[in-house]
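Peer 1: Predicted structure and sequence below. I'll ask about it afterward.
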Amino acid sequence: MAPSISTIHSSPLNILDFVVNKGHGVKGLSDLGIKTLPYQYIQPSQERFDHTTNEEFNKDSIPVIDLSKWDDPKVTKAVCDAAEKWGFFQIINHGVPMHVLENVKDATHNFYELPAEEKLKYSKEQSVTNSVRFGTSFTPEVEKALEWKDYLSLFFVSDDEAASLWPPVCRNQALEYIKSSETVVKKLLKILMNGLNVKEIDKTKESILMGSKRINLNYYPKCPNPELTVGVGRHSDVSTLTILLQDDIGGLYVRNIDSMKWVHVPPVNGSLVINVGDALQIMSNGKYESVEHRVIANGNDNRISVPIFVNPRPSDVIGPLAEVIESGEKPIYKNVLYSDYVKHFFRKAHDGKATVDFAKV
Ligand code: OGA
Ligand code: NI
């Protein structure tokens, strides 16, 4: 039986126990109907969303690119320009069927509707594999303030592993989304590589660019006092590229490279949001930049999002690509083992763009 609100509030320790150890997540807190945000979630004022200046942020947003004629020079230029100027863009007519996107959104809701005991089987403590992880916030062990978000993270190793270990309520839908997005991922990488003078993606490059994948099913429940916390704090992704599906609630903000202003990424029906990750920033020697983004907490609605992180393989060594350096450009990043880079990211709380310093020369 779920504890009552009064037992939750009686001791600060109980919040963490309920949310983390018992597997209720912040969704469990939200479902209880708590009226005030537990103090553990109160973010320092500089990390909160400043609603008073919000209007100004919304004037300009990231490009929406129609990929139906993806090899048209106008389109390839738009993709490269967006990756350079924004590090973020949306794509439409991307070839991933709408029913695949709808199905994975439904599957995400279905996973979160499972009882806490069921979800807890996929937690760090109980999961039979490191490839499947149900959790909350980002790294509760090291965070000074928690983030108002639950997640299920699935590392794709093979179809067989996914079939036997991923939660049955969402595995087929998640797999289908990964498979159906493969073509568009390859197209985008081809375009972006051409922009770096890389004419062909051979097998070695393919491994380094997209040799592993992780899919997250994110849940941001309705929040009491959303102005005091965040859904996800400022960060850049450690991926090569991220392909993000969001529902129609909104709340993802991106920092513009020039103005440093926060810009909303409005939900566009059927679109996918693409962003450059740190691995591509490193490989492109900074030509394409991974950009800071964050998600606000919402006082009225539950929100879901489903990013696919297209990554190097953990065993790959990444650094500025030979083709980029050949022109005489000075490397600003050194070679790093990708698994070391990722470990560094997960050892700390979200801290904006700081992760990439790990690879600076
Ligand atoms: C992430 C992320 C944004 C969103 O999972 O890395 O930035 O809209 N998500 O959920
Ligand atoms: Ni992100």
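Peer 2: Structure's in. What do you need? Ligands and ions are numbered 1, 2, ... in the order given.
Peer 1: Give the helix, strand or coil label for Arg294.
Peer 2: Recorded secondary structure, Arg294: strand (DSSP: H, G, I helix; E, B strand; the rest coil).
Peer 1: Strands of the stretch 251-361 of the chain, start to end?
Peer 2: Using DSSP state E, counting those that start in this stretch, the strands found in the stretch 251-361 of the chain span residues 252-255, 262-264, 272-276, 293-295, 303-311, 317-318, 336-337.
Peer 1: where in the stretch 1-150 of the chain is pLDDT low?
Peer 2: Along the stretch 1-150 of the chain, the model assigns pLDDT under 70 to residues 1-13, 51-59.
Peer 1: Nearest to ligand 1: which residue in it?
Peer 2: For the stretch 1-150 of the chain, the residue closest to ligand 1 is Lys149, as judged by CB to the nearest ligand atom, at 7.8 Å. The C-beta positions use only the backbone N, C-alpha and C, and glycine is treated the same way.
Peer 1: do the chain as well
Peer 2: Counting by CB to the nearest ligand atom, the chain gets nearest to ligand 1 through Ser305 (3.3 Å).
Peer 1: quick one, what contacts that residue?
Peer 2: Residues touching Ser305, when contacts are defined by CB atoms under 8 Å, 6 or more residues apart in numbering, comprise Asn218, Tyr220, Leu244, Leu245, Gln246, Asp247, Leu252, Val295.
Peer 1: Contact residues of the protein facing ligand 1?
Peer 2: Applying CB under 6 Å from any ligand atom, we find that the chain lies next to ligand 1 at Asn216, Asn218, Val232, Asp237, Leu244, Gln246, Leu252, His293, Val295, Ser305, Pro307.
Peer 1: and the third one, what are its bridge partners?
Peer 2: Pointing back at Val232 there. Applying DSSP bridges to Val232 yields these beta-bridge partners: Val295.
Peer 1: is it true that it touches His350?
Peer 2: Yes: Val232 sits in contact with His350 when judged by CB atoms under 8 Å, with a separation of 7.0 Å.
Peer 1: what sits in contact with each of the two?
Peer 2: By CB under 8 Å, 6+ apart, the residues touching both Val232 and His350 are Phe138, Glu147.
Peer 1: any chance you could map the helices in the stretch 51-200 of the chain?
Peer 2: Ranges of helices in the stretch 51-200 of the chain, per DSSP state H, counting those that start in this stretch, are 54-57, 73-85, 98-112, 116-120, 159-165, 171-194.
Peer 1: check contacts around the residue of the stretch 1-150 of the chain closest to ligand 1.
Peer 2: So, once contact is read as CB under 8 Å, 6+ apart, Lys149 ends up touching Val26, Thr136, Ser137, Phe138, Asn218, Tyr219, Tyr220, Gly231, Val232, Val295.
Peer 1: do the same with Ser127
Peer 2: For Ser127, the residues meeting the contact criterion (CB under 8 Å, 6+ apart) are Lys121, Arg133, Phe134.
Peer 1: can I get the CA coordinates of stretch 328-344 in PDB?
Peer 2: Taking only C-alpha atoms (Å, rounded to 0.1, in the frame of the first residue of the first chain), the coordinates of stretch 328-344 have been written out as PDB:
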ATOM      1  CA  GLY A 328      46.600  22.200 -40.500                       C
ATOM      2  CA  GLU A 329      44.000  23.000 -37.800                       C
ATOM      3  CA  LYS A 330      45.300  22.700 -34.300                       C
ATOM      4  CA  PRO A 331      43.600  19.900 -32.300                       C
ATOM      5  CA  ILE A 332      41.800  21.400 -29.300                       C
ATOM      6  CA  TYR A 333      40.900  18.000 -27.900                       C
ATOM      7  CA  LYS A 334      43.000  15.000 -27.100                       C
ATOM      8  CA  ASN A 335      42.200  11.300 -27.700                       C
ATOM      9  CA  VAL A 336      40.100   9.800 -24.900                       C
ATOM     10  CA  LEU A 337      38.600   6.400 -24.300                       C
ATOM     11  CA  TYR A 338      34.900   6.900 -24.800                       C
ATOM     12  CA  SER A 339      34.000   4.800 -21.700                       C
ATOM     13  CA  ASP A 340      36.200   7.000 -19.600                       C
ATOM     14  CA  TYR A 341      34.500  10.100 -20.900                       C
ATOM     15  CA  VAL A 342      31.100   8.700 -20.100                       C
ATOM     16  CA  LYS A 343      32.200   7.600 -16.600                       C
ATOM     17  CA  HIS A 344      33.400  11.200 -16.000                       C
END
